[in-house]
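Colleague: Based on what follows, work out the 3D shape:
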Amino acid sequence: MQKTPSIYSLRFGVLCLSSLFFSASYNMLIPELPAYLSGLGGAEYIGLIIALFTLTAGLSRPFSGVLTDRIGRKPVMVVGALVCVICGVFYPILGSVAGFLFLRLFHGFSTGFSPTAIAAYVSDIIPAKRWGEAFGVQGLFFSTGLALGPALGSWIKMHFSFAVLFHSSSCMALLSLIFILRLKETLTHREQFRWRLLRISRSDIIAPEVLVPAIITFLTYAAFGMMLTLIPDWSEYLGIANKGSFFIVFTVTSLAIRFVAGKASDRLGRKVITIVGLLVLLISLVLMAALQFPNGLLLAAGIYGFSMGILSPALSAWTFDLSPEGQKGKGVATMFIALEAGIGLGALFSGWYYQSIYENIPGAMLGCSFLAFLGLLFLVMNKNKSINLDN
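Modeller: Residues are numbered from 1 along each chain as shown. Modelled structure (predicted):
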């Protein structure tokens, strides 16, 4: 029997480390940004903290998808990391509500660019039969950054200042950039950058082949947008001192399941594993709304982490399964547009519904559980079978 090639290499490891520092750089700010914006006199704009970020992330996805397929994976990753470096420097300088909101808008370009190219890079260096496993492992590192970032950010703010927090974010992004620069480009037929490459048509925006996983991604990540907006205040209300505790717990459980779930999606099919993930997500959101005490919230966070650890590698691999050859950037950009739209709308509507009334937060959680139910219903009723690479 032919030996299955290993997914583990120095190049894959360097990419994973870059993902870790990149995700930590922008996510370490999240728990403290509501308080920072309130201190500037912009408490009524808390819902825009995530919404503006995801707006530019989503709008830039078609451009990053085209550029990833045309000029290469590495330059697009570099742009994303550089944006994080710049924003970390300028947050303390533009010390007004308008300046802060402008930077949130600009900061969104970072996740509009880097994750698209990172995902395409993974698909280039890993055999198709191992994509689920590979995205599970890469997601381990990315999610570790998502977990350590908020915890580290809250600790820095507690012991130092907002300025130190922002500069630390910039340093994290710089580390990510250093790792990116050590990578070899994987796109074989590259073009020189030309401004006309940024002129995109409607056909460049959405890859219709990947709409099923994109729709599920949208419905799934609305809950994440809600959590980024409301969990810091909800944690404080319930008496949890470190606002990053929720994110630590959900990421640890996500890490625990990602590797197994990714391999399962390679063997059992993407659709089956996605249905399981949606069921767990639905349960976690109902419990999150019902268990209104510290340990209850952390329990729900753990179950939520399991759901995302199941869903994320399966949806990523499913997207690449369906992406046409030569259009991986466009396919993954479509999925990320759906992701950013879900996060942005989840953040915007939950912030609007919240209105600094803590009793409204469980209602926002139940609203997101309904979206998870819709996703489950959509998949169960959809007759298209998932791609099973063993067949």
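Colleague: wait, residue 96 sits on residue 40?
Modeller: Yes - using Cβ atoms under 8 Å, residue 96 is in contact with residue 40, at 6.5 Å. Quick note: C-beta positions are derived from backbone N, CA and C, even for glycine.
Colleague: who has more neighbours, these two?
Modeller: Here residue 96 and residue 40 are compared on neighbour count by other Cβ atoms under 10 Å; more neighbours surround residue 40, at 16 against 11.
Colleague: The more buried one and residue 93: what is the separation?
Modeller: Separation of residue 40 from residue 93 (Cβ to Cβ, to the nearest Å): 13 Å.
Colleague: From the contact counts, what lies against the strand or helix carrying residue 68?
Modeller: Assigned by DSSP states H and E, residue 68 belongs to helix 48-70. Contacts defined by 3 or more Cβ pairs under 8 Å, 6 or more residues apart in numbering; DSSP states H and E place helix 48-70 against helix 33-39, helix 73-90, helix 97-125, helix 202-205, helix 211-238, helix 328-354.
Colleague: export these to CSV and tack on distance to residue 268?
Modeller: Listed next are those as CSV, based on distance: least, Cβ to Cβ, whole Å:
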stretch, distance to residue 268
helix 33-39, 39
helix 73-90, 29
helix 97-125, 20
helix 202-205, 32
helix 211-238, 16
helix 328-354, 20
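Colleague: out of those helices, nearest to residue 314?
Modeller: Nearest to residue 314 among those is helix 211-238 (8.3 Å), distances taken as Cβ to Cβ.
Colleague: tell me the contacts of the residue lying closest to residue 115 once chain neighbours are set aside?
Modeller: Of all residues not flanking residue 115 in the chain, residue 336 sits nearest, at 6.1 Å (Cβ to Cβ, 6 or more residues apart in numbering). Contact partners of residue 336, counting by Cβ atoms under 8 Å, 6 or more residues apart in numbering, are 57, 58, 61, 112, 115, 116.
Colleague: Look up how far residue 170 lies from residue 336.
Modeller: 24 Å.
Colleague: Go through the helices and strands packed on helix 48-70 and find the least confident stretch.
Modeller: Ranked by mean pLDDT, those bottom out at helix 202-205, with a mean of 70.
Colleague: hey, C-alpha coordinates of the host helix or strand of residue 372 in PDB?
Modeller: Here residue 372 sits within helix 361-381, counting by DSSP H and E. This file holds the C-alpha atoms of helix 361-381, laid out as PDB (Å, rounded to 0.1, in the frame of the first residue of the first chain):
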ATOM      1  CA  ILE A 361     -27.900  39.800  26.400                       C
ATOM      2  CA  PRO A 362     -29.500  36.300  26.800                       C
ATOM      3  CA  GLY A 363     -32.000  37.300  24.200                       C
ATOM      4  CA  ALA A 364     -29.200  38.000  21.700                       C
ATOM      5  CA  MET A 365     -27.700  34.600  22.500                       C
ATOM      6  CA  LEU A 366     -31.100  32.900  21.800                       C
ATOM      7  CA  GLY A 367     -31.400  34.800  18.500                       C
ATOM      8  CA  CYS A 368     -28.000  33.300  17.400                       C
ATOM      9  CA  SER A 369     -29.200  29.900  18.500                       C
ATOM     10  CA  PHE A 370     -32.100  30.300  16.000                       C
ATOM     11  CA  LEU A 371     -29.600  31.000  13.200                       C
ATOM     12  CA  ALA A 372     -27.800  27.800  14.100                       C
ATOM     13  CA  PHE A 373     -31.100  26.000  13.900                       C
ATOM     14  CA  LEU A 374     -31.700  27.500  10.400                       C
ATOM     15  CA  GLY A 375     -28.300  26.300   9.300                       C
ATOM     16  CA  LEU A 376     -29.000  22.800  10.600                       C
ATOM     17  CA  LEU A 377     -32.400  22.800   8.800                       C
ATOM     18  CA  PHE A 378     -30.800  24.000   5.600                       C
ATOM     19  CA  LEU A 379     -28.200  21.200   5.600                       C
ATOM     20  CA  VAL A 380     -30.600  18.400   6.500                       C
ATOM     21  CA  MET A 381     -33.000  19.500   3.700                       C
END
